[in-house]
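**Student:** Make a model of this:
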Amino acid sequence: MQEQKKGYQFSTGLIAGVSSVLIIAGGFAAWWAWTAIKGEQTPPWVSQPSEPNDSNPSENPVEKVEAEVYWLKVTDNQIELAAQPMVVEQSENSVVVEKALTQLLSGTEKEEYSSTIPEATQLRSVSFQDDGIHVDLSEEFTFGGGSSSMMGRVGQILYTATSLDPKAKVWLEVEGEPLEYLGGEGLYIPQPLTRDEFQANYQL
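**Tutor:** Model (predicted):
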């Protein structure tokens, strides 16, 4: 008789436990349905989908512009001006040309290219004015070399400065003064200088 009583008590406890679980589960399901209908936020333990990032760089790409840096290159025993593309961020033309000229004065590591611009030459300023592009260089630009070297360096500055506008006029200055003659041989520099005039009057 005692064993039967214990079994009856165990069965009652089990039933009570299961009933409690069912009641809790039913209550949670009812609460979940109610919050869904009311449009409330999901519980904090439920992961939320990440919001799209409005500042995605691919959606607002930085605009670029291509300038050209001109070096000297020997082709079939002839010296010629060779353009090397240079891509920079879109900005005012004077800023873009300044970057190109700065790169030119820094020199090149490519074996196929060379420069006759003295290494110590510095770019003092670049300005776009109504009468053309004004390029002011340090006095080192006038040092050393013969007429061929002088014409080469003038061509490099001229073509690099006009890479955004090949028809533009360039005024060359040294230490703030207009450059009239270059080097010991006295190479005459017309002011302003254009690509057409350079091709017609100078042979590299």
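
**Student:** The spatially closest residue to residue 108 that is not a sequence neighbour bridge partners, please.
**Tutor:** Excluding the flanking residues, the one nearest residue 108 by C-beta to C-beta, 6 or more residues apart in numbering is residue 71, at 5.7 Å. Placement of C-beta: from N, CA and C, glycine included. Counting by DSSP bridges, residue 71 forms beta bridges with residue 82.

**Student:** show me what contacts residue 71?
**Tutor:** Applying C-beta atoms under 8 Å, 6 or more residues apart in numbering to residue 71 gives the contacts 81, 82, 84, 104, 108, 110, 113, 114, 115, 156.

**Student:** What helix or strand is the last one located in?
**Tutor:** Per DSSP states H and E: residue 156 is located in helix 147-161.

**Student:** For that helix, name the packing helices and strands.
**Tutor:** Under the contact definition 3 or more C-beta pairs under 8 Å, 6 or more residues apart in numbering; DSSP states H and E, helix 147-161 sits against strand 64-75, strand 78-89, helix 93-106, strand 132-137, strand 170-174, strand 187-188, helix 195-201.

**Student:** That helix vs helix 93-106, what angle?
**Tutor:** 150 degrees (axes from the mean of the first three to the mean of the last three C-alpha atoms, to 10 degrees).

**Student:** Begin at 96, not 1, for the rest of this chat.
**Tutor:** Noted, 96 is the first residue going forward, which turns the last one into helix 242-256.

**Student:** can you dump the C-alpha coordinates of helix 242-256 into PDB?
**Tutor:** Taking C-alpha atoms only, helix 242-256 is exported to PDB below (Å, rounded to 0.1, in the frame of the first residue of the first chain):
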ATOM      1  CA  SER A 242      71.300  74.700 -75.500                       C
ATOM      2  CA  SER A 243      69.800  71.200 -76.000                       C
ATOM      3  CA  SER A 244      69.600  70.800 -72.200                       C
ATOM      4  CA  MET A 245      68.000  74.300 -71.900                       C
ATOM      5  CA  MET A 246      65.400  73.600 -74.500                       C
ATOM      6  CA  GLY A 247      64.600  70.200 -73.000                       C
ATOM      7  CA  ARG A 248      63.900  71.700 -69.500                       C
ATOM      8  CA  VAL A 249      61.800  74.500 -71.000                       C
ATOM      9  CA  GLY A 250      59.700  72.000 -72.900                       C
ATOM     10  CA  GLN A 251      59.200  69.800 -69.800                       C
ATOM     11  CA  ILE A 252      57.900  72.800 -67.800                       C
ATOM     12  CA  LEU A 253      55.800  74.100 -70.600                       C
ATOM     13  CA  TYR A 254      54.100  70.800 -71.500                       C
ATOM     14  CA  THR A 255      53.500  69.800 -67.900                       C
ATOM     15  CA  ALA A 256      52.000  73.200 -67.100                       C
END
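
**Student:** Alright, I will stop here.
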